[in-house]
Structure formats: C-alpha cells, structure tokens
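**Student:** from the sequence below, what's the structure:
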Amino acid sequence: MPATATPAITVVAAIIRGNDGRICLSRRPDHKHQGGRWEFPGGKVEPGETLSSALARELEEELGMQAALSSPFMTIAHQYEDLHVTLHFRDVTDWQGEPSGREGQQVGWFEIPDLPALEFPAANRPVVTAITLPAHLAIAPDNQDLDALKVGINCLDAASTGLYLRQWSEHAALPEILALCREKGVKVWLRASSATWAEQVPLQGVFGLHLPGSVLMDCQGRPGFPGVVSAACHSREALEKAIDLELDMALVSPVETTTSHPDRAPLGWQQAGEWITGLPLACYGLGGVSPSDLGTARQHGAIGVAGIRAFWPGSAPVLV
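**Tutor:** Below you'll find the model as predicted:
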C-alpha cells in the first residue's frame, strides 16, 4: 500500500461471451496505465451514470457495439501503487454489431481455458479465475449410497454446476467417482482435512480444493495445489485470512436460515454483500439458497450460489 493517498476511479468492464463461449478482450494501449496488457473492455463511470448505461456507452465508443445490455457479475477493489480502482464487471447479455477496435486497439476472442496464460492488469486476475467457475455449486449429499451419487452426477448440468464432494473426498470409491465426473465434464472440489492434505493425496484431475473453516485458520500459506483453492467463510476474519493466503474462492454462509443449522443467525443478502463486494475472491452464497437466487447473489457481490438439496438432481426442494 502507498504511504499517501492515491487517485481513485470507478470503472465498469464487460464480460462479452460469444455464441461459441469465447470471451472478447481488448489490449490496452502502451501509453496508458497498465499498458500493453489484455483487459475486459470498458472504462470510467462518469458522474450521474448508472453502471449499465456507462458500460453501454463505453462499448459503443470503444468497440462499436450498440444497445448493449448487461447484468452484474463481480466487483473488485484494487490498490495499485499509483491508483485505487473499483471495477464493476458485468455480463453483457445482448448487443448489436460486431466488436472491433474503434480506437485502434487490438481486439481478440479467447477460449476460457486460455485466459489464465494471458497478461492482465493485476486488478483483473480474480475475475479471470471467476469466469472459469460454474454459477452453481452442488454439494454431494452424504446420506445416500454410491449408486445414488453416480445417478445424481449423471444428471448434473456440467455447463452450469460444479460438484463439491464434501464427505466423499476420502471415500474408497473416490477414483471411480472422479472418473465419472471427468467423463461428464463436471468440475470437482474435494475437502481438505488438514492444511497439508493436498500434499499427501493424489489430486490429478481435481478442479478445486476446499478448506473448511478450521483448516483455513490453521494454514500458514496457500496449499500446494495447482487448481482453484476455496474456503468456508463464516466471518470477516475468515475472509481476510482467505485473502492473505491468496485463495481464489470462498463459500460465504449462512446467507439465510437453514434446516440443518436453524440456531445459526443468517447474514441475509445485504450483510453478505457488505462483506464480499470488492474482495479479490470469487464468492458463493451458501445456506438457505437455491439456483433461482443467482440473480440476487450477483446483485450482492457473489458470483454464484451453492447448496445441497436445492441443487442436487431429484432432491426435494428443501433449502439447506
């Protein structure tokens, strides 16, 4: 952090997804701040502008995209040495015209798996990770047998839903379960039982490693796992710890009252949003939520929602 106050700006940026799933990026001019790096197109929000109108204006001026419609995706606050930036990233859902560099900037379309290899401004890095994540995270029930679990996995929509194998992470059939998930293209998270668990267990093909709250607080550094590392966060202290460890993701809970923990006071979306908006973490709302809450979650700073029964195929719609 700089010793003296630095200028602060508010920026809105676009996540533009093509029909083929690729992402549209532009390269910053060399003479600008963070010049030469790829970025999500957008620009400064002018006084009196809404985020949606500011982004529509910027996309028309920069890329020739007309009548762009957008919705919230993620907000990140970042302190550079010489500038404090608050970036509001928005999913662009509709537009007219073919994006092109109207200001002479290079424009390109990239496959999502290729994004991490590109050079971005530091403030963009968390959203690069967030784009690789599913909107929904289903937590595998622990009160069913292996055959029922496999049936559920076969029914998951891999394009929108990932799988957290919480109580199944050390099951004898884990290799078989992971093989099925790879076949179906389902991204899988496993539960770390200790701060060094990832160093002791073969995790090839596993997308994410999840740290329960107690394990998170015991960690002295980011676990040695090459994929996404997430943590259970029930407090601001836990979120700060996740940031200090440079983790990628957090499950923030409980958002609403749950049947599994009825005595635990829920945060509510307003307080959850106050905790997570601006953090360099891809946050999911957990507890008393369902897939239909995705829009509300994104309005309050989360990129997704997670749960058990409301997310598991064939389960009764009981929120837990």
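**Student:** and the strands in the stretch 1-150 of the chain?
**Tutor:** Assigned by DSSP state E, counting those that start in this stretch, the stretch 1-150 of the chain shows strands spanning 8-17, 23-27, 38-39, 42-44, 66-79, 84-96, 107-110, 136-139.
**Student:** and what of the stretch 201-320 of the chain?
**Tutor:** Counting by DSSP E, counting those that start in this stretch, the strands of the stretch 201-320 of the chain are 208-211, 228-233, 249-252, 282-286, 304-307.
**Student:** what residues are up against Leu83?
**Tutor:** Contacts for Leu83 (C-beta atoms under 8 Å, 6 or more residues apart in numbering) come out as 6-9, 33. (Glycine included, C-beta is placed from N, CA and C.)
**Student:** can I see the domain layout of the protein?
**Tutor:** Listed domain ranges for the chain are 8-123, 136-307 (source: automatic domain parsing).
**Student:** can you list these in a markdown table and add distance to Gly314 and mean pLDDT?
**Tutor:** Below are those laid out as a markdown table (distance: least, C-beta to C-beta, whole Å; pLDDT from 0 to 100):
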| stretch | distance to Gly314 | mean pLDDT |
| --- | --- | --- |
| domain 8-123 | 28 | 91 |
| domain 136-307 | 7 | 94 |
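**Student:** so of the ones you listed, which one's packed in deepest?
**Tutor:** Comparing the domains of the chain on average neighbours per residue, with mean count of other C-beta atoms under 10 Å, the densest one is domain 136-307 at a mean of 18.
**Student:** and the end-to-end length of that one?
**Tutor:** End-to-end distance of domain 136-307: 8 Å, with C-alpha to C-alpha, to the nearest Å as the criterion.
**Student:** from here on, call the first residue 376.
**Tutor:** In the new count, where the first residue is 376, that last one comes out as domain 511-682.
**Student:** would you list the strands of the stretch 576-695 of the chain in a markdown table and tack on distance to Lys419?
**Tutor:** Listed next are those as a markdown table, based on distance: least, C-beta to C-beta, whole Å:
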| stretch | distance to Lys419 |
| --- | --- |
| strand 583-586 | 34 |
| strand 603-608 | 31 |
| strand 624-627 | 29 |
| strand 657-661 | 24 |
| strand 679-682 | 28 |
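**Student:** of the ones you listed, which is nearest Gly423?
**Tutor:** strand 657-661 (29.4 Å; C-beta to C-beta).
**Student:** about what we covered before: tabulate the strands of the stretch 376-525 of the chain (TSV), appending distance to Thr425.
**Tutor:** Listed next are these as TSV, based on distance: least, C-beta to C-beta, whole Å:
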stretch	distance to Thr425
strand 383-392	9
strand 398-402	22
strand 413-414	21
strand 417-419	14
strand 441-454	10
strand 459-471	10
strand 482-485	25
strand 511-514	28
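**Student:** how close does Gln542 get to Leu493?
**Tutor:** 37 Å (C-beta to C-beta, to the nearest Å).
**Student:** oops, could you answer that again for Arg639 instead?
**Tutor:** Distance of Arg639 to Leu493, given as C-beta to C-beta: 41 Å.
**Student:** before we move on, back to that, which one of the domains of the chain lies nearest to Thr504?
**Tutor:** Across the domains of the chain, Thr504 has its closest neighbour in domain 511-682 (4.9 Å, C-beta to C-beta).
**Student:** how far is the closest one from where the chain is centred?
**Tutor:** 11 Å (C-alpha atoms, centre = their mean, to the nearest Å).
**Student:** does Ala606 really touch Leu584, like I thought?
**Tutor:** No: here Ala606 does not reach Leu584: they are 9.5 Å apart, not a contact under C-beta atoms under 8 Å.
**Student:** let me see the ranges of the helices in this protein.
**Tutor:** According to DSSP state H, the chain carries its helices in the segments 426-438, 500-506, 521-530, 549-559, 588-593, 611-619, 643-651, 669-674.
**Student:** in a markdown table: those, plus distance to Pro629.
**Tutor:** Shown next, in a markdown table, are the helices of the chain (distance: least, C-beta to C-beta, whole Å):
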| stretch | distance to Pro629 |
| --- | --- |
| helix 426-438 | 29 |
| helix 500-506 | 22 |
| helix 521-530 | 23 |
| helix 549-559 | 27 |
| helix 588-593 | 12 |
| helix 611-619 | 13 |
| helix 643-651 | 9 |
| helix 669-674 | 14 |
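**Student:** just tell me which of these ends up closest to Gly476.
**Tutor:** Comparing the helices of the chain against Gly476 with C-beta to C-beta, the closest turns out to be helix 426-438 (7.1 Å).
**Student:** restrict the closest one to CA atoms and write it as CSV.
**Tutor:** Below are the C-alpha coordinates for helix 426-438, written out as CSV (Å, rounded to 0.1, in the frame of the first residue of the first chain):
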residue,chain,number,x,y,z
LEU,A,426,-23.2,1.2,-14.4
SER,A,427,-25.3,-0.3,-17.2
SER,A,428,-25.5,2.9,-19.1
ALA,A,429,-21.8,3.7,-18.6
LEU,A,430,-20.9,0.3,-20.0
ALA,A,431,-23.2,0.6,-23.0
ARG,A,432,-21.6,4.0,-23.8
GLU,A,433,-18.1,2.6,-23.4
LEU,A,434,-18.7,-0.4,-25.6
GLU,A,435,-20.2,1.7,-28.4
GLU,A,436,-17.3,4.2,-28.2
GLU,A,437,-14.6,1.5,-28.0
LEU,A,438,-15.9,-1.4,-29.9
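**Student:** thanks a lot, see you next time.
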